[in-house]
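Trainee: Quick one: sequence plus predicted model below, questions after.
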Amino acid sequence: VGISPTSRHRIRPAVSSDSDVVFALLSNVGHGISPKRAEFDSNFVVLLSDSLSTLLLVAEDDNGVVRGYAFTTISRLLHRSGLSAHLQELVVDSHVAGQGLGSALVDATERACRDRKVTQLTVASRRSAGFYERLGYRTTADFLKRTFE
Ligand SMILES: CC(C)(COP(=O)(O)OP(=O)(O)OC[C@H]1O[C@@H](n2cnc3c(N)ncnc32)[C@H](O)[C@@H]1OP(=O)(O)O)[C@@H](O)C(=O)NCCC(=O)NCCS
């Protein structure tokens, strides 16, 4: 986690006062995602307090305004040694798309994972597969989902 040498973006761990802007970023992401504020707030508090199994980073622009975030979960698996991480959510403000914030958030996530002895980082992505392939990620499995109401 630190300052990217190629830009003035600053990546840092999220703090509780980031909740408004992270909520706004998530609410504007589209894809049918419409978070409820009360649930979001309680999840945000729990995740921030659970630093062993979660990693929540935000990207600030050169004015110190948060323009993106990356949320990763970290867990132990039975079939692998070390820890495994999954990038659950990566969102960049569409007004600043293409300026490297998304890549900087992935890079900072990777560095934080390595610091924590994580040995693999996965991400499920349909629409943004090309974005991750650019960064060296390769398709490894199909991702199936069943939701419980
Ligand atoms: C995907 C996302 C995080 C990229 O953020 P960003 O800050 O624009 O990314 P960067 O500026 O670091 O990189 C942009 C590069 O990735 C490419 N890219 C961005 N989205 C892409 C996509 N969906 N498919 C293929 N390439 C993509 C751009 O063309 C650009 O390439 P270039 O540098 O060669 O011009 C952002 O568009 C976003 O928040 N999307 C909505 C949420 C989402 O889909 N998240 C990912 C799944 S969790």
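Mentor: Great, that's in hand.

Trainee: Count the neighbours of Asn63 for me.
Mentor: Applying other Cβ atoms under 10 Å, we find 7 residues neighbouring Asn63. In this view, the C-beta of every residue, glycine as well, is placed from N, C-alpha and C.

Trainee: what's the closest non-adjacent residue to the residue nearest the centre of the chain?
Mentor: With distances taken as Cα atoms, centre = their mean, Ala70 lies nearest the centre of the chain, 1.8 Å away. Closest residue to Ala70 apart from its sequence neighbours, by Cβ to Cβ, 6 or more residues apart in numbering: Leu105 at 4.1 Å.

Trainee: Which helix or strand contains that neighbour?
Mentor: helix 101-115 (DSSP states H and E).

Trainee: Show me how far that helix is from its chain's centre.
Mentor: 9 Å (Cα atoms, centre = their mean, to the nearest Å).

Trainee: Which positions within that helix qualify as buried?
Mentor: Leu101, Gly102, Ser103, Ala104, Leu105, Val106, Asp107, Ala108, Thr109, Glu110, Ala112, Cys113 (16 or more other Cβ atoms under 10 Å).

Trainee: circling back to that earlier point, wait, doesn't the residue nearest to the centre of the chain sit right on Ala85?
Mentor: No. Judged on Cβ atoms under 8 Å, Ala70 makes no contact with Ala85 at a distance of 10.9 Å.

Trainee: what do those two both touch?
Mentor: Residues touching both Ala70 and Ala85 by Cβ atoms under 8 Å, 6 or more residues apart in numbering: Leu55, Thr109.
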